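K.L.:
Okay, here's the prediction I keep looking at, along with the sequence it came from:
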Amino acid sequence: MTVGLIPGSFDPFHNGHLEVVERASHIFDEIVVAAIRNPQKSEALFDLEERREMIAESCAHIKNVRFVSIATLLVNVARDVEATAIVKGLRAVSDFESELQMAQMNRSLSGVETLFIPSSSHHSFISSGLLREVARYGGDVSQFVPAPVFARLQGKFLGGGQ
């Protein structure tokens, strides 16, 4: 059985992330989406459990997906879920440089390969950080995120959240 591991902070999960999960679900027998707390990024908007719930709701139509939250090295998770490959989405050439370095490190540590899936042009400019900023200032991000994520963003910024 082939298993694709898709890691990310997913804070919040957006349509670019969803595209990668959907496309990878046709390549692998099983997809494991791993929400990670990235210490290199600013304070999280959503905790890991909220992110897991949003991802699960957003991917409910994909039958071969499961979800984990991680707070360890990605290669440890890859081993634990018996990943055939790590799957990463690429938006632009600038993503490739850092992702390539991580892919090479992960392969050196574990032997697990990384598969890159380029995003379609209508998702290439979407980033979680940009979405948080636009939503925080009242911008409409509904076209960039799945409905369950949009509802939670509204709750955070319109319902007395941050």
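P.N.:
Great, that's in hand.
K.L.:
which residues does residue 152 contact?
P.N.:
Counting by CB atoms under 8 Å, 6 or more residues apart in numbering, residue 152 touches 12, 46, 50, 54. C-beta: built from backbone N, CA, C; applies to glycine.
K.L.:
next one: residue 150
P.N.:
141, 142.
K.L.:
That one: helix or strand, and which one exactly?
P.N.:
Using DSSP states H and E, residue 150 falls within helix 147-158.
K.L.:
average pLDDT for that helix?
P.N.:
Helix 147-158 carries an average pLDDT of 92.
K.L.:
let's number from 608 now, not from 1
P.N.:
In the new numbering, first residue 608, that becomes helix 754-765.
K.L.:
Could you give me the buried positions within that helix?
P.N.:
Within helix 754-765, the residues that count as buried by 16 or more other CB atoms under 10 Å are 755, 756, 757, 759, 760, 763, 764.
K.L.:
Just give me the closest of the residues you listed to residue 694.
P.N.:
Of all these, residue 694 sits closest to residue 756, with 20.0 Å by CB to CB.
K.L.:
Looks like the closest one contacts residue 623 (just checking).
P.N.:
No - using CB atoms under 8 Å as the test, residue 756 is too far from residue 623 to be in contact (11.8 Å).
K.L.:
The longest helix anywhere in the chain - contacts with which helices or strands?
P.N.:
Determined from DSSP state H, the single longest helix within the chain is helix 700-717. Contact analysis of helix 700-717 by 3 or more CB pairs under 8 Å, 6 or more residues apart in numbering; DSSP states H and E lists helix 681-687, strand 692-697, strand 720-725 as its packing neighbours.
K.L.:
quick one: which of the buried residues of helix 754-765 is nearest residue 695?
P.N.:
Once CB to CB is applied, the member of these that ends up nearest residue 695 is residue 756, at 20.1 Å.
K.L.:
Touching the longest helix of the chain from outside, list them.
P.N.:
680, 681, 682, 685, 686, 693, 695, 697, 719, 720, 721, 723.
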